[in-house]
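**Student:** okay, here's the prediction I keep looking at, along with the sequence it came from:
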Amino acid sequence: MAVRSSSARAGDVRAGPATPILEAAGLCKHFRIGGLASRRWLHAVDDVDLAIGEREIVALVGESGSGKSTLARLLAMLHRPTGGEIRFHGRSLGRVRGRGDVLAYRRRVQMVFQDPYSSLNPVYPASHGVVRALALHRPEIDRRTRTAYAERILESVGLTPPGELMRSYPYELSGGQRQRFGIAQALACGPEMILADEPVSMLDVSIRIGVLNLIADLRSREGVSFLYITHDIGSARYIADRLLVMYAGHVVETGPVDDVLEHPRHPYTQLLLSAVPDPGAPLETLPPTDAGEPPRLVDPGAGCRFRARCPYAVQDCAEVTPRLRPMRPDHAAACHVARSEVLDDG
Amino acid sequence: MDGAPPILEVQDLVVEYLTSQGPVRAVDHVDLSVAPGEFVAIVGESGCGKSTLLFAIARLLSPPAEVAHGSIRFAGRDMVGLSERDLRWVRWRDCSIVMQSAMNALNPVLTIGAQLEDAIAAHEAGPVGVRRRRAAEVLRLVSVDPVHLHSYPHQLSGGMRQRAMIAMALVFAPQLVIMDEPTSALDVVAQRSLMTQVRELQRRLGFAVLFVTHDMSLVSRFSDRLAIMYAGQLVELGATREVFENPRHPYTTGLLQAFPALRGPRRRILGIPGSPPDLRSPPSGCRFHPRCSHATDRCVSEPPAWHAPAARDVVLCHLYDPRSTVNGRQIV
């Protein structure tokens, strides 16, 4: 476990680390759909606040289409936000302009992609990305020591023997090895933060845990922070300190992992938790709340986006978009109905 | 199994891919039977041969894959020797298949209704009105509003597309439905609701299900029996509850421990070391021995035989040989 700051006040909705590395406030990404003249907007990410601290692993969970990947791409500067602000060490990314600045940011905030089969270039050796990252981002390492340095990185992500693997091509590698190359590539820049977009969901069950352990080790050994995006809550609990639950572009619940899992406040989090297959649980009839449809993301209007599927929806849910409210210490949820256990000053 | 004769009986099946470096055995002497109305799940990692096994059963293998040995009997018929013409009658009507990716399995330029009616027309002559009614009926069966008969696949969500696929599979009340990871593209909420529905339909309509997945916990509450596959071989076969409560094969035990739990203490899991073997040159003896913590010299040299440590559970592992002892004491 990393040392985590606990100085966030109960009343602080963004309940996070005191000195965040990466912060977002009111972040939005709306895509225009149906041509240039169209007035229809798809709200992929709407009004998201988040903060990731030093040596922290934050897990972002949600169903497909909830905006998790878009959020990661916004943070990696692969998309330009349509609203809100991202701050890195307190400095707004809106002011990061020019190739030099962008490169410097990318060096410090790296991304690992979901599909290790398509994120490595098949015509180069798999180590190409690692060597290239070193050449681009680490000018202090001169050309002659670059290979030795790359081998050390491969070794640190469990790719052994590194000498042999330096020369292998992606097709010669297993899925787990490819994903380790993806992580090695990100590590080569010496980043402070890695945005990992479902890094294990394409991997086999028996090798998944190895990659998760690697992420946990890199945090404690190299001090890298992670945003770990997943739809598997079990793995989120396994490595993360804090959990963000996303639904239809909104963050609907956030807090320390165990607290959210033990006391889920948002009905969506509750539904998500009840749907996780648990071999140990007794066979019982399942509640009929999950027949719902995916939410409308094109010009959604006001109101809670979960209301159509929510068993507790009241009149307010259709009219006012709920904002994150503190529910328990460090733990907030965006729901009109959920009962708060701490003083609600919002 | 006991009672009724099995609807599907696979005996000593060997499927090989013919490559320039010689045949690669993807399914290696597999025996499996499915009773009428039974839900059998096959669990294994990618490349273990589980999809090849399904394809062999459905006679969907195409070169360079071929059945090298063994028999597949479905409802008393020999599937391996069946002619293309007879096969057309059996497929879809008696034995239907739900593919992994509904996104690719549905025709993007035809409406759901047109595709359903097409399948019906291929097997039954009859007026258009009857076909339409039937199509609407099966869609309702899987809780999709029949208005979607006029929808194209891209207009449906992933879960609905997968439901539409299942509706197509059920259009003729088949005796066996083969499902190849039908839920792997869905998120947990949609996954559970689909599984519950398959189970309920199965109870109501009485078809048998052969379900392939890599996610063991997914089938824990739905399947009657569980077959674990590793490197082309079945390594454990037993009642689902029994396998979960008393896993016998070290690979099964490893798979069960590879999932981080949602409850209980947080502890470091090690998973299964190493990675699955290359089927072009499988390890000698027991194929799992390079990754197994119980491996002995015997596991390296001698392939294990089937042992039955419990009444309904069989396992392919030397540890359960009644004659063998490890560290001077009997394991079983």
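**Tutor:** Ah, there it is. Residues are numbered from 1 along each chain as shown, chains lettered A, B, ... in the order given.
**Student:** ok, what's across the strand from the residue most central in space within chain B?
**Tutor:** With distances taken as CA atoms, centre = their mean, the residue of chain B nearest its centroid is residue B:212 (2.6 Å). Residues in a beta bridge with residue B:212, per DSSP bridges, are residue B:42, residue B:180.
**Student:** residues in contact with it?
**Tutor:** Shown in contact with residue B:212 (CB atoms under 8 Å, 6 or more residues apart in numbering or on different chains): B:41, B:42, B:43, B:44, B:50, B:51, B:53, B:54, B:178, B:179, B:180, B:181. From N, CA and C alone the C-beta is placed, and that goes for glycine too.
**Student:** next, please give the residue ranges for the helices of the stretch 51-200 of chain B.
**Tutor:** B:84-90, B:102-105, B:112-123, B:128-141, B:158-169, B:188-205 (DSSP state H, counting those that start in this stretch).
**Student:** could you give the mean pLDDT of the fifth one?
**Tutor:** When the per-residue pLDDT values of helix B:158-169 are averaged, the result is 83.
**Student:** can you check the last one too?
**Tutor:** The predicted model gives helix B:188-205 an average pLDDT of 83.
**Student:** what's in contact with it?
**Tutor:** Contacts of helix B:188-205 (CB under 8 Å, 6+ apart): A:63, A:231-233, A:271-272, A:275-277, A:286, A:290-291, B:37, B:39, B:141-143, B:157-159, B:162-163, B:166, B:170, B:173, B:177, B:179, B:182-183, B:186, B:207-209, B:218-219, B:221-222.
**Student:** if you count neighbours, what's buried in that helix?
**Tutor:** Residues B:188-198, B:201-202 are the ones in helix B:188-205 that count as buried (16 or more other CB atoms under 10 Å in any protein chain shown).
**Student:** if I look at residue A:233, how far off is residue A:258?
**Tutor:** With the distance defined as CB to CB, to the nearest Å, residue A:233 ends up 12 Å from residue A:258.
**Student:** the more surrounded of those two?
**Tutor:** Legend: neighbour count by other CB atoms under 10 Å in any protein chain shown for residue A:233 and residue A:258, higher for residue A:233 (24 against 12).
**Student:** let me see the contact set for that one.
**Tutor:** Here residue A:233 is in contact with A:61, A:243, A:261, A:272, A:273, A:276, B:188, B:262 (criterion: CB under 8 Å, 6+ apart).
**Student:** so what's residue A:254 up against?
**Tutor:** Residue A:254 neighbours (CB under 8 Å, 6+ apart): A:15, A:50, A:242, A:243, A:244, A:245, A:260, A:324, A:331, A:332, A:333.
**Student:** ok, what's across the strand from it?
**Tutor:** Note on residue A:254: beta-bridge partners residue A:244, residue A:332, judged by DSSP bridges.
**Student:** residue B:67 versus that one, what's the distance?
**Tutor:** Residue A:254 is 54 Å from residue B:67, where distance means CB to CB.
**Student:** present the buried residues of helix B:188-205 as TSV; the columns should include distance to residue A:92.
**Tutor:** As requested, these are arranged in TSV below (distance: CB to CB, whole Å):
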residue	distance to residue A:92
B:188	36
B:189	36
B:190	38
B:191	40
B:192	42
B:193	43
B:194	44
B:195	46
B:196	48
B:197	49
B:198	50
B:201	54
B:202	56
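**Student:** tell me which of these is nearest to residue A:303?
**Tutor:** Among the buried residues of helix B:188-205, residue B:189 lies closest to residue A:303 (CB to CB), at 20.5 Å.
**Student:** excluding chain neighbours, what is closest to residue 181?
**Tutor:** Because you didn't say which chain, this covers chain A. Spatial nearest neighbour of residue A:181, excluding adjacent residues (CB to CB, 6 or more residues apart in numbering or on different chains): residue A:126 at 4.6 Å.
**Student:** actually, chain B is the one I wanted.
**Tutor:** Closest to residue B:181 by CB to CB, 6+ apart is residue B:100, at 4.5 Å.
**Student:** mind checking how far the one you found is from chain A?
**Tutor:** With distances taken as CB to the nearest CB, to the nearest Å, residue B:100 is found 13 Å from chain A.
**Student:** residues contacting that residue?
**Tutor:** B:51, B:180, B:181, B:182, B:184, B:185.
**Student:** quick check: which of the residues you listed has the minimum pLDDT.
**Tutor:** Within those, lowest confidence goes to residue B:185 (68).
**Student:** ranges for the strands of the stretch 51-200 of chain A?
**Tutor:** For the stretch 51-200 of chain A, the strands defined by DSSP state E, counting those that start in this stretch cover A:57-61, A:83-88, A:91-92, A:109-112, A:193-197.
**Student:** make TSV from these and add mean neighbour count and mean pLDDT to it.
**Tutor:** Below are these laid out as TSV (neighbours: other CB atoms under 10 Å in any protein chain shown; pLDDT from 0 to 100):
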stretch	mean neighbour count	mean pLDDT
strand A:57-61	26	94
strand A:83-88	17	92
strand A:91-92	12	88
strand A:109-112	24	92
strand A:193-197	25	93
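**Student:** what's the closest of those strands to chain B?
**Tutor:** Smallest distance to chain B across these (CB to the nearest CB): 9.5 Å, for strand A:57-61.
**Student:** next, the angle helix B:188-205 makes with that closest one.
**Tutor:** Angle, strand A:57-61 to helix B:188-205, by axes from the mean of the first three to the mean of the last three CA atoms, to 10 degrees: 40 degrees.
**Student:** give me the contact list for strand A:57-61.
**Tutor:** Contact partners of strand A:57-61, identified using CB under 8 Å, 6+ apart, comprise A:2, A:50, A:52, A:68, A:71-72, A:215-216, A:219, A:225-233, A:236-237, A:239-246, A:257, A:272.
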